[in-house]
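Trainee: okay, predicted coordinates and the sequence, questions at the end:
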Amino acid sequence: MEQGHLQHGPLGENCAHLCVDMQNLFVDTDWHTPWMKRVLPVVERIARAKPDRTVFTRFIPAERPGEGEGTWRRYWERWSSMTLESLPPGAADLLPPLKALVPPAEVIDKRVYSPWVGSDLHERLRARGVDTLVVSGVETDVCVAGAVLGAVDLGYRVVVPTDAICSSSDETHDALLTLYRRRYAQQVETVVSDEILRAWG
């Protein structure tokens, strides 16, 4: 796989790590994401390097089928097994190695794919002078995509570690990386995590 490089230079104190939805929700459930096991040590390495600069998001399912606005109502009827009333306790929690980093890492809860909708994430980051984001997590083609494109719209420099994101679909995972490289290369940099850690002072 093409590794790329940080075309806009090193990362500094104005950079934060936005880690998307690395939760029990995607382990041994109807949303099981097999690659998470492989990706977790890489995500953990990035987060442990800068725990005070890390924000974890958690996707919080509807309490029960029938909840949600518009198409989300139909979505939760389709995924009734993934509503909070059907899931075991702790399903929405971060994976244990990441949960152990909170604090100093922060957590933002969300009810939709994008972490920018219905949250104060942008305000929190701007208050800390953040203008660059390393975006990791699951799934590449769903919530990670929502995080990346929302960050682009808000003007952040976005760096995606290709070995710290995953999906339950190889095809659409690869398609999103191709999209970033061919259509969003001006605003999204795709590199391996080692490159990020070397460049983040």
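Mentor: Cool, got the structure.
Trainee: roughly how far apart are the residue of the chain most remote from its centre and P89?
Mentor: Taking Cα atoms, centre = their mean, the residue of the chain most remote from its mean C-alpha position is G66, at 26.4 Å. Applying Cβ to Cβ, to the nearest Å, the value for G66 to P89 is 22 Å. Using the backbone N, CA and C atoms, a C-beta is placed for each residue, glycine as well.
Trainee: now swap in A145 and tell me
Mentor: A145 sits 29 Å away from P89, going by Cβ to Cβ.
Trainee: which one's more surrounded, these two?
Mentor: Between A145 and P89, counted using other Cβ atoms under 10 Å, the more crowded position is A145 (21 against 8).
Trainee: who touches that one in this structure?
Mentor: Each residue near A145 by Cβ atoms under 8 Å, 6 or more residues apart in numbering is listed here: 113, 176.
Trainee: repeat that with 6 Å
Mentor: L176 (Cβ atoms under 6 Å, 6 or more residues apart in numbering).
Trainee: pLDDT wise, what is it at?
Mentor: On pLDDT, A145 comes in at 98.
Trainee: look up phi and psi at it.
Mentor: phi -60, psi -40 (degrees, to the nearest 10).
Trainee: repeat that for L95.
Mentor: Phi and psi for L95, reported as degrees, to the nearest 10, are phi -60, psi 140.
Trainee: surely the residue farthest from the centre of the chain is in a helix?
Mentor: No: under the criterion used here (DSSP: H, G, I helix; E, B strand; the rest coil), G66 is coil, not part of a helix.
Trainee: and the gap between it and E85?
Mentor: G66 sits at a distance of 11 Å from E85 (criterion: Cβ to Cβ).
Trainee: tell me, what's touching those two both at once?
Mentor: With Cβ under 6 Å, 6+ apart as the test, G66 and E85 reach no residue in common.
Trainee: from D194, how far out is the residue farthest from the centre of the chain?
Mentor: Going from G66 to D194 by Cβ to Cβ gives 46 Å.
Trainee: swap in L84?
Mentor: Distance, L84 to D194, by Cβ to Cβ: 38 Å.
Trainee: D30 too?
Mentor: From D30 to D194 the distance is 34 Å (Cβ to Cβ).
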